[in-house]
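Colleague: return atomic coordinates for the entry below.
(2 chains)
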Number of protein chains: 2
Amino acid sequence: MLTKEKTINWFQGLQDEICTQLEAADGKGQFREDAWRRPEGGGGRTRILEGRHIAKGGVNFSAVHGPMPEKISRALGISTGDFLATGVSIVLHPANPMVPVIHMNVRYFEVQPAGNPEGEPIWWFGGGIDLTPHYIDTEDARFFHQQLKKVCDAHHPDYYAHFKQWADDYFYLKHRRETRGVGGIFFDRLNEEGGFSKAARFAFVQEVGRAFSPLYIHFLEKHREASYGERELAWQGLRRGRYVEFNLVWDKGTKFGLDTEGRTESILMSLPPVANWAYDYHPEEGTPEARTLSLLRKGIDWVNYTES
Amino acid sequence: MLTKEKTINWFQGLQDEICTQLEAADGKGQFREDAWRRPEGGGGRTRILEGRHIAKGGVNFSAVHGPMPEKISRALGISTGDFLATGVSIVLHPANPMVPVIHMNVRYFEVQPAGNPEGEPIWWFGGGIDLTPHYIDTEDARFFHQQLKKVCDAHHPDYYAHFKQWADDYFYLKHRRETRGVGGIFFDRLNEEGGFSKAARFAFVQEVGRAFSPLYIHFLEKHREASYGERELAWQGLRRGRYVEFNLVWDKGTKFGLDTEGRTESILMSLPPVANWAYDYHPEEGTPEARTLSLLRKGIDWVNYTES
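Modeller: Here you go, the predicted model:
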């Protein structure tokens, strides 16, 4: 049986595994860890790396529990009670502008409704993984989506199409009419609806978590020695500005965390080391920067993408 | 009688006046103007300067009107109808870290309720001015508040205390437990309540608008030649990061604008040219940076502040 402890331990182990893999891939940076306790119950381990290839990377694990704050039950639209929220959250900002930014999150949530202490808890899994290239390499985007589709297809034939569209809609800067990057998959409130067992949902989430390192290390190794200059760094700065805009204006997880007294430094580890803003900047037509902008849209079938 | 046209023209004139004054004070930068139209009615003039002392400054004027979008009437909690929103909005990010960032906004809003086309429109003025030093100079903070108090006192004995507290509460980064800077004044929905005439409210708002240039130019001239090095620039970058956090996470005007299809580039002119984030950075005790942090709190009586 899948106990709370097993779930928590698995997430914690995933953090360890990914940190080891990323340190090896970076070749220089070491994660520094901040272990923190939440006064009301639980805590986490925030790990930050400032390395050679990964300019700033955060790999967070947390497992918080206790009586659910009213603000949270209201925000989630569920009845209050004792809750558990656990998961792993990652954002990596590479040094080389030709390497993409990546984000991954896998999480489990449950609450034992106060009015029904003996009944089944309300539970769900959520998560996602998405890629934000400063310069879109369409071969990378196709490979990324093909790998995510394989992960999804092993668990349900509808997962990929559904979760890919969800990511397009979620990782979207409405005020820019741009997607954050080439998307990926996003899912939330995966529970028993549709006849799934908790074990089946968890198995899927575990596979998403395990897919992270090989995927990102593939892109890191492919591009980390690519040459670049002032121009590419300037563009990276502006794209990092967009990343900040998404995370602070639209990302529900960030807003929720900041609004419910989450640990600010763990939440905002997702922000880049530096970001730039230039008033009304438009790259010249025909440049790689303009091409990237033209591909920041919803609904691109990356799995079958071919250059037209 | 105060017509819509007179109000709009006054705000437009204020933009011209302030731009002339700031160009003279900068000595090098010239404002570039983008005039824009809103398809549903009205438009604006966004002006941006990248100068010698003002690294990035925006002075926006707008006057938009037409049928009020439902999203806006819902957000404002008022009945729909034809509306007018006009005002001037300014943010200046100085080059020298010893010069403070400043923000000012003055605005007028009215709506003619659709159900009552012949009646009095609903109207109000709003605005504010606040100072965000990278390094707090307590003499500057006292002078700033004393000048704002003079402006307020000329119009109502309660204005300063009320609007100073409003600014403390508004310009607050809840997730950091820090004020944005040393505050200033903030006010909204100033209408006929309390026995005020529209002319009296407008006269106050005009005086706030006219106070801006002399105040900021005082700080600019006082500190623009101050010496600084890598350390002060690094701290400026982190404080600019906080400015970004405030504007994107908490500022109601920014959220409202981005959510109601306002002109993104005009709204986000408030962001600095560059901002930095460092994980869990704490300045050493006893440094000017730590002293600044210790003064980023609500409720400081800056008018009567003395070094303890």
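Colleague: host element of the closest residue to chain B within the stretch 1-150 of chain A?
Modeller: In the stretch 1-150 of chain A, the residue that lies nearest chain B is residue A:48 (4.6 Å; CB to the nearest CB). Every residue, glycine included, has its C-beta placed from N, CA and C. Taking DSSP states H and E as the criterion, the element that holds residue A:48 is strand A:42-49.
Colleague: partners of the next helix-or-strand element following that strand, with directions?
Modeller: Tracing the chain C-terminally past strand A:42-49 and defining elements by DSSP H and E, one meets strand A:54-67 next. When pairs are called by DSSP bridges, strand A:54-67 turns out to pair with strand A:42-49 (antiparallel), strand A:81-94 (antiparallel).
Colleague: circling back to that earlier point, what lies in contact with the strand holding residue A:48?
Modeller: Outside strand A:42-49, the residues within contact range by CB atoms under 8 Å, 6 or more residues apart in numbering or on different chains are A:12, A:15, A:19, A:22-23, A:26, A:29-38, A:56-66, A:84, A:263, A:265-266, A:269, B:279-280.
Colleague: and the buried ones among those, selectable in PyMOL?
Modeller: The following PyMOL command selects only the buried members of those, with burial defined by 16 or more other CB atoms under 10 Å in any protein chain shown:
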select buried, (chain A and resi 12+15+19+22+23+26+29+31+34+38+56+57+58+59+60+61+62+63+64+65+84+263+265+266+269) or (chain B and resi 279)
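Colleague: picking up where we left off before, winner for burial among the strands paired with strand A:54-67?
Modeller: Among those, judged by mean count of other CB atoms under 10 Å in any protein chain shown, the one packed with the most neighbours on average is strand A:81-94 (a mean of 23).
Colleague: average model confidence for that strand?
Modeller: For strand A:81-94, mean pLDDT rounds to 96.
Colleague: touching chain B at all, the following helix or strand past that strand?
Modeller: In the C-terminal direction, the helix or strand that comes right after strand A:81-94 (DSSP H and E) is strand A:101-113. No - using CB under 8 Å from any CB of the partner chain as the criterion, no contacts between strand A:101-113 and chain B are found, and the smallest distance is 13.9 Å.
Colleague: now strand A:101-113: buried residues?
Modeller: A:101-113.
Colleague: distance to residue B:275 and pLDDT added to these, as a markdown table?
Modeller: Conversion of the buried residues of strand A:101-113 to a markdown table gives the following (distance: CB to CB, whole Å; pLDDT from 0 to 100):
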| residue | distance to residue B:275 | pLDDT |
| --- | --- | --- |
| A:101 | 17 | 98 |
| A:102 | 22 | 98 |
| A:103 | 20 | 98 |
| A:104 | 25 | 98 |
| A:105 | 24 | 98 |
| A:106 | 30 | 98 |
| A:107 | 29 | 97 |
| A:108 | 34 | 97 |
| A:109 | 32 | 95 |
| A:110 | 38 | 95 |
| A:111 | 37 | 94 |
| A:112 | 42 | 92 |
| A:113 | 43 | 88 |
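Colleague: just those residues now: which is nearest residue B:292?
Modeller: Taking CB to CB as the measure, residue A:101 is the one of the buried residues of strand A:101-113 closest to residue B:292, at 31.2 Å.
Colleague: what is the neighbour count of the residue found closest to that closest one once you drop the neighbours it is linked to in the chain?
Modeller: Nearest residue to residue A:101, sequence neighbours excluded (CB to CB, 6 or more residues apart in numbering or on different chains): residue A:132, at 4.1 Å. Counted by other CB atoms under 10 Å in any protein chain shown, the residues lying close to residue A:132 total 24.
Colleague: on that earlier part again, the residue of the stretch 1-150 of chain A closest to chain B pairs with what?
Modeller: In this structure, residue A:48 has beta-bridge partners residue A:32, residue A:58, where bridges are defined by DSSP bridges.
Colleague: can you tell me how far it is from residue A:19?
Modeller: According to CB to CB, to the nearest Å, residue A:48 and residue A:19 sit 10 Å apart.
Colleague: what's the overlap in contacts for those two?
Modeller: Shared contacts of residue A:48 and residue A:19, defined by CB under 8 Å, 6+ apart, comprise residue A:31.
Colleague: and the residue of chain A that's closest to chain B?
Modeller: Nearest residue of chain A to chain B, counting by CB to the nearest CB: residue A:248, 3.6 Å away.
Colleague: sorry, back to before: so the residue nearest to residue A:101 is in contact with residue A:99, correct?
Modeller: No - with contacts defined as CB atoms under 8 Å, residue A:132 does not count as touching residue A:99, sitting 10.7 Å away.
Colleague: now the closest residue to residue A:110 other than its chain neighbours, what's its secondary structure?
Modeller: Leaving aside its sequence neighbours, residue A:110 sits nearest to residue A:123 (CB to CB, 6+ apart; 3.9 Å). Residue A:123 carries the three-state label strand when classified by DSSP: H, G, I helix; E, B strand; the rest coil.
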